[in-house]
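In: any chance you can model this:
(chains A and B)
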Amino acid sequence: MRILYGLYQPDEGEILLNGKPIRISSPRAALTYHIGMVHQHFRLVPTLSVAENMVLGLDEGTGPFLNYRQTHKKISQIAEKYGLVVDPQAKVWQLTVGQQQRVEILKALYRQADVLIMDEPTSVLTPQEVDQLFATLRTLVDDGLTIIFITHKLDEVMEISDRVTVLRKGKAIATVNTADTNKAELAKLMVGREVVFRLEKNPVKRGEKILAVDDLQALNDRGLPALRGVSFEVYEGEILGVAGVSGNGQRELAEVLTGLRRATGGHVTLEGKDVTNRSAREIADAGVAHVPTERKTMGTVPSMTIRENLILKSYRQPPFSHGMFLDNKAAEENARAAMKEYAILAPNIDTAVKVLSGGNIQRVVLARELSGDPRLIIAAHPTYGLDVGATEQVRQILLAQRDRGAGIVLISEDLEEIMTMSDRILVLFQGQVMGIIDAEGAQIERIGLMMAGTEEEKK
Amino acid sequence: MGWETWIIATLSRTLAYGTPLLIATLGEIFAERAGVLNLGVEGMMIMGAYSGFVIAYTTGHPWLGILVAGVVGAVFSIIHAFVSVTLKANQVVSGLALTMLGLGLAGVLGRGWEGLPLFTPIHKMTVPVLSSIPVLGPILFKGQNLVVYLTMLLVPVLWYVLFRTRIGISIRAVGESPATADSLGVNVTRIRYLCVIFGGFLAGVAGGYLSVAYRPSWTQGMTGGMGWIVIALTIFAFWNPIYGLLGSYLFAALYHLSFRLQAWVSPELLKAMPYLFAILVLIFVAQGTLKKKMGAPAALSVPYTRGEE
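Out: Below is the predicted model of the structure:
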């Protein structure tokens, strides 16, 4: 897909457009072929206005000068035609994620794209915003546009596409008409074997209360309220799923619970002890494991070896250290055992973590965090960006921890993950709990509404 | 000396001294807006001062001297562009090296030229009619040279280029989010080179102004740390040419007061002002929406590699 947009060059093979072979040497060339792209991480300059983002890199025949009035007019025309309303003069950083995506689509249309490549466009949207996006895409297709929709969510494939191509390890495995296929078949093509959709899950054995969060409040990085009175409880042997659209307080919640962010109000009680605003080390020592969102920046030190990363939490105690000296032998044994137990694929234990794949880095994180049988596990987006096989393994590991009796807070934007893994589901919206419902028999529509701000009665 | 004459003299000198600061600051604003921090301003200025003087002295044409000073500054800045944009090396190290290299090189080359008087400097001029306006006339239109006016004129022009033209949008996009600019067909490398070279040209011109117009002679180290004040001013100006003008004249005024007020205020303290203000600005724009509105370009001093985010 980056090749189609001219960011990378193919080593072999050719690209045909309307039957003619073309070479896309740069994004500018892609533009001349009317190929537009909406990246997963938006390609917008936050400090520029919507209009300025539109004309960036374009030559509209006015030389170096800009005709703002004409640009605004053109934007409104396209916007009205496809229901993509935004203020052309607004700065991009002032817009919501959904609006920014609209700007991205507008930008491609402003550049007269005939082919629109969309990379995981729904990952940042609420179910309602997804519906709106799909409606827009349908109008575009009716208007003669070709859309390439890249996603790993099978439901979306079935809903929006006419034809599907399945890619696996860089190869096109098959192309089928959507009408002639179903989810199970596509999943099989993706993984190369049958996939169990329902994870085998033992019935929940709820034990003692481990974590009690009461009226928790915290600020985000910009100093605005991110958590506004969050209360919930977690028990032994259960998974509490935290659902919500990205940026509704999930990150701040995980950080407050692990001691990385100050709570400005409320209490966090761990097994009867008040641990509000204790340091990350104290909380970790109290038996809380943290599988952070950013596995490369928060979860590991990428330039250090697997051996070193595995003892980052316990290097201060025997057997890994004696006084001020590290015990390399103990660390080595520990690393060998962990690589075997968690099936970490790497040349050896002294391989730098940065050269590992995402799945293997996550295995290193899990091996470290789950050693010493933690009481409570805070897992934020544990399968984000992992392939299907690694995802399944990570989920199995977490379920095993649950069956062992650990309490787990699972924060995820992947609703399917929340639905299959959790015993109870908490929905966050703008830093408030919209409701906590049993996962058994929960309807996705209901959760979607809560994610968009409809409050439920609390259980 | 009456109060009025005193104020007029101070402000008049302020314009003269603020001009080289302003020229070099405008250049650095462009380089930093494109995401390249160039700490080599001092080095490029001194090279400009030296070469400008030599050309003006040997040919008798001061304007040719200024032009050559700019070209030398531009050529000199290519070193920084190559090291930091093409080789993606640390911009701080490369910029510092440029300053050291410039000071050393100009010192060696300039040995035989020291103390020679320049008989053909850029002359001070008096604008007819306008100079007879009370107070403003003697400040603005008497005893200044053409460079002062051209520089003032350059400010709105560069502001317009940066904020109201296609190339300006490209420059700001490259400094804020090079990956975005790249994906929209903007040549990041080219924009960065152009901005660094433009910055080098203006730094060279600023140096040339010093040796050909402000103090028509060559002395070693005659830039006297001006290049560092320029770095601070670029921050103080919120990377905006208009504020660059205000900042340059403000500090030129402080600089002069430091001589005139020696008896009352320590001149060292007044000379430290630009840096103090730069720190205050950095604190002021460190957080929240101000950072987005007026803060440093997001990709400042970050080399860009395609596909690496």
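
In: now the nearest residue to residue A:429 once chain neighbours are set aside: how far from residue A:9?
Out: Nearest residue to residue A:429, sequence neighbours excluded (Cβ to Cβ, 6 or more residues apart in numbering or on different chains): residue A:453, at 4.8 Å. C-beta: built from backbone N, CA, C; applies to glycine. Between residue A:453 and residue A:9 the distance is 45 Å, computed by Cβ to Cβ, to the nearest Å.

In: so those two - more neighbours on which side?
Out: Per other Cβ atoms under 10 Å in any protein chain shown, whichever of residue A:453 and residue A:9 has more neighbours is residue A:453, with 15 against 11.

In: give me phi/psi at whichever residue of chain B sits closest to chain A?
Out: Closest approach between chain B and chain A, counting by Cβ to the nearest Cβ: residue B:185, at 3.1 Å. Torsion angles at residue B:185 (phi, psi; degrees, to the nearest 10) stand at phi 90, psi 10.

In: so what's the residue count around it?
Out: The burial count for residue B:185: 20, using other Cβ under 10 Å.

In: counting neighbours, which bits of stretch A:334-350 end up buried?
Out: A:334, A:335, A:338, A:339, A:342, A:344, A:346, A:349 (16 or more other Cβ atoms under 10 Å in any protein chain shown).

In: ok, the last one - contacts?
Out: Right, residue A:349. A:305, A:306, A:307, A:332, A:335, A:336, A:339 (Cβ atoms under 8 Å, 6 or more residues apart in numbering or on different chains).

In: who's in contact with the second one?
Out: Translated: residue A:306. Counted by Cβ under 8 Å, 6+ apart, residue A:306 has contacts A:335, A:339, A:344, A:346, A:349, A:350, A:351, A:353, A:356, A:364.

In: excluding sequence neighbours, find me the nearest residue to it.
Out: Residue A:306's closest residue in space is residue A:349 (Cβ to Cβ, 6+ apart), at 5.2 Å.

In: and that neighbour, helix, strand or coil?
Out: For residue A:349, the secondary structure call by DSSP: H, G, I helix; E, B strand; the rest coil comes out as coil.

In: coming back round to it: surely the residue of chain B closest to chain A meets residue A:33?
Out: No: using Cβ atoms under 8 Å, residue B:185 makes no contact with residue A:33, being 11.9 Å away.

In: partners of the closest residue to residue A:5 other than its chain neighbours in the sheet?
Out: When the adjacent residues along the chain are set aside, residue A:5 lies closest to residue A:37, with 4.6 Å between them (Cβ to Cβ, 6+ apart). Beta bridges link residue A:37 to residue A:117 when assigned by DSSP bridges.

In: from residue A:105, how far off is residue A:37?
Out: For residue A:37 relative to residue A:105 (Cβ to Cβ), the value is 10 Å.

In: find residues that contact each of those two.
Out: With Cβ under 8 Å, 6+ apart as the test, residue A:37 and residue A:105 both reach residue A:116.

In: measure the most centrally placed residue in chain A to residue B:56 for me?
Out: A centroid search over chain A (Cα atoms, centre = their mean) returns residue A:384, at 4.8 Å, as the residue closest to the centre. Using Cβ to Cβ, one obtains 64 Å as the distance from residue A:384 to residue B:56.

In: near chain B, which residues of chain A show up?
Out: By Cβ under 8 Å from any Cβ of the partner chain, the residues of chain A that approach chain B are A:2, A:5, A:7-8, A:26-28, A:31, A:37, A:39, A:41, A:43-48, A:52, A:55-59, A:63-66, A:91, A:93, A:222-223.
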